[in-house]
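Visitor: Sequence and computational prediction follow.
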Amino acid sequence: MTRFMGRGTPVAGVLIAIAVGWTGARAADEGIEGVEIVDHARAAGEPPAVVLETRHFAFHSDPWQNLHHFLYQWARDELGIASGRQEVVVAERHGPQPTGEGARDWSDAVAFYREHVASRDHFDLPMLELKAGLLGLGGDPTADPPDDIAGIAARLGAAMPVYLATWWTGHDAANRAWIEHVGADVSTYESRWVATVSRLFGGEWVEGRLRIDVAAYANWAGGYTSNEPPHTVIWSRDDTNGRGLYGLELVFHESGHVTPLGAPLRRTVADVFRSAGVDEPGNLRHLLLFATAGEVVREIAAARGRPEHVPYVVEEGLTGFAGWAPLWPAVQEHWVPVVRGGGGPVPALEAIAEALREGASLGGGSRDRIRDRE
Ligand SMILES: [Zn+2]
């Protein structure tokens, strides 16, 4: 079942009509899902930030998540803090700025983020607590934000009206366009994904739907997933993730970082390599996640007449990283066929362990691995 929720605006109406057209056509082709449309005006009690619910995912465009990640990246950009393989440029810094009192509220908020937030990682405990607290506001921009980093509540509260007046309309529209772009495909193929990842990773789907906040900014990787509660943030910027089927792959990939679903494979990998007497390569599990989501989506692309589509990990050159380059041939040879063909993960992992015993050098490379949550 798919539920699209708009806000009763003409733009949202168009979005719903287009999206339902896609979903309906695909659903009929695939014979997988029915579609149910919910008029948001009649869905009393639904938080307004919910844009789309499918069977397994809930996509939101939430002003608090947007504001927090925006200020975070703005401050980091000002300070020249970069992490990961791509720099996050905040173009809004050089565009139209708020004026009057709003200008001071905004610069105060940016200053606070520069001083107290920018150097933190999204996975630092206060950052996770803050994000969880912001989720609890239900997308209501008039609610009082939490103060998990002392002083941040006042800055966020003062910055929100400025944000709404200056940038939110554009950010929200981009978020909704991104959700429109991926939503119908997610609805059509999510059951296939959940079956595949459960079979190979050994875990179970989260209770209910995985919440995905689509926002103008996220982290350097364009998306990350935290647990407690399981929650994904994906940016709506027009990069690889916004092209073709890569957004679908990203949504599937991120869900594999949710602990109940993805963690059992970590133990299975450790057991297999210990039994084989082969050193377990760091971050193999993350490469397996890339390979799994990549292959599921590559098959979808091929079935839709796009055999040239390659998985994100190849498209973005991540298989060339020193830590992953020696692993990728073995993953392709032994893991990818299991994604396609069925069966459990153990024989494939045993074959990978043997392949690595026989030759691959795994020295170095920790520097440019992608952490197993991005
Ligand atoms: Zn990842």
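Guide: Right, received. Where do you want to start?

Visitor: Spell out the residue ranges of the helices in the stretch 1-150 of the chain.
Guide: 10-30, 63-79, 100-116, 125-135 (DSSP state H, counting those that start in this stretch).

Visitor: Just the residues contacting stretch 229-242, thanks.
Guide: Applying Cβ atoms under 8 Å, 6 or more residues apart in numbering, the external contacts of stretch 229-242 come out as 65, 69, 131-132, 135, 171, 174-175, 177-178, 181, 206, 210-219, 222-225, 246-247, 250-251, 254-255, 257-260, 312, 315-316. Heads up, the C-betas are built off the backbone N, CA and C, glycines and all.

Visitor: Quick check: buried residues in the longest helix seen in the chain?
Guide: Assignment by DSSP state H gives helix 169-201 as the longest helix of the chain. Neighbour counts over helix 169-201 (16 or more other Cβ atoms under 10 Å) mark 171-172, 174-190, 193-194, 196-197, 200-201 as buried.

Visitor: One more: stretch 94-105?
Guide: So stretch 94-105, judged by 16+ other Cβ under 10 Å, has buried residues 98, 102, 105.

Visitor: and if you look at stretch 77-95?
Guide: So for stretch 77-95, counting by 16+ other Cβ under 10 Å, buried means 77, 88, 90, 92.

Visitor: So, low pLDDT: which residues of the protein?
Guide: 1-48, 84-85, 360-374 (pLDDT under 70).

Visitor: What residue spans form the domains of it?
Guide: 1-257, 263-368 (automatic domain parsing).

Visitor: gap between the helix or strand hosting Arg285 and the chain center?
Guide: Applying DSSP states H and E as the criterion places Arg285 in helix 284-303. Computed by Cα atoms, centre = their mean, to the nearest Å, the chain-centroid distance of helix 284-303 equals 15 Å.

Visitor: Ok, stretch 289-307 next?
Guide: The chain centre lies 18 Å from the centre of stretch 289-307; the measure is Cα atoms, centre = their mean.

Visitor: what's the span of stretch 57-68, first residue to last?
Guide: When the termini of stretch 57-68 are compared using Cα to Cα, to the nearest Å, they are 22 Å apart.

Visitor: Begin at 165 from now on, thanks
Guide: With the count now opening at 165, the last piece we talked about shows up as stretch 221-232.

Visitor: how distant is that stretch from the center of its chain?
Guide: 12 Å.

Visitor: Can you tell me the closest non-neighbouring residue to Arg373?
Guide: Ala222 (4.2 Å; Cβ to Cβ, 6 or more residues apart in numbering).

Visitor: The one you found - how many residues pack around it?
Guide: Ala222 has 19 neighbouring residues, counting by other Cβ atoms under 10 Å.

Visitor: bridging residues for it?
Guide: Glu217, Arg375 (DSSP bridges).

Visitor: Was I right to think it contacts Val370?
Guide: No - the criterion here is Cβ atoms under 8 Å, and Ala222 misses it with Val370 at 10.6 Å.

Visitor: angle of the helix or strand hosting Arg438 against helix 448-467?
Guide: If you go by DSSP H and E, Arg438 is part of helix 423-440. Angle of helix 423-440 versus helix 448-467, following axes from the mean of the first three to the mean of the last three Cα atoms, to 10 degrees, is 110 degrees.

Visitor: So what touches helix 423-440?
Guide: Identification of contacts with helix 423-440 by Cβ under 8 Å, 6+ apart yields 361-362, 364-370, 391, 394, 419-420, 443-444, 448-449, 452-453, 509-510, 513-514, 517-518, 521.

Visitor: Which among those count as buried?
Guide: 361, 364-367, 369-370, 391, 394, 419-420, 444, 448-449, 452-453, 509, 513-514, 517.

Visitor: From Gly372, how far off is the nearest residue to Leu412 once chain neighbours are set aside?
Guide: Spatial nearest neighbour of Leu412, chain neighbours left out: Asp349 (4.6 Å); criterion: Cβ to Cβ, 6+ apart. Distance of Asp349 to Gly372, computed by Cβ to Cβ, to the nearest Å: 21 Å.

Visitor: Over to Ser390?
Guide: Here the criterion is Cβ to Cβ. By it, Ser390 lies 17 Å from Gly372.

Visitor: Which one's more surrounded, these two?
Guide: Neighbours per residue (other Cβ under 10 Å) separate Ser390 from Gly372, with Ser390 holding more: 19 against 10.

Visitor: right, and that one touches Leu294 too?
Guide: No - the pair Ser390 and Leu294 fails to qualify as a contact (Cβ under 8 Å) at a distance of 11.3 Å.

Visitor: How far off centre is stretch 446-466?
Guide: 15 Å.

Visitor: Next, the buried residues of that stretch.
Guide: Buried residues in stretch 446-466 (16+ other Cβ under 10 Å): 447-465.

Visitor: Nearest spatial neighbour of Ala465, chain-adjacent residues omitted?
Guide: His473 (3.5 Å).

Visitor: helix, strand or coil for the one you found?
Guide: Three-state assignment for His473 (DSSP: H, G, I helix; E, B strand; the rest coil): coil.

Visitor: Check the gap between it and Val350 for me.
Guide: Distance, His473 to Val350, using Cβ to Cβ: 17 Å.

Visitor: how about Glu242, what does it touch?
Guide: Counted by Cβ under 8 Å, 6+ apart, Glu242 has contacts 257, 274, 278, 282.
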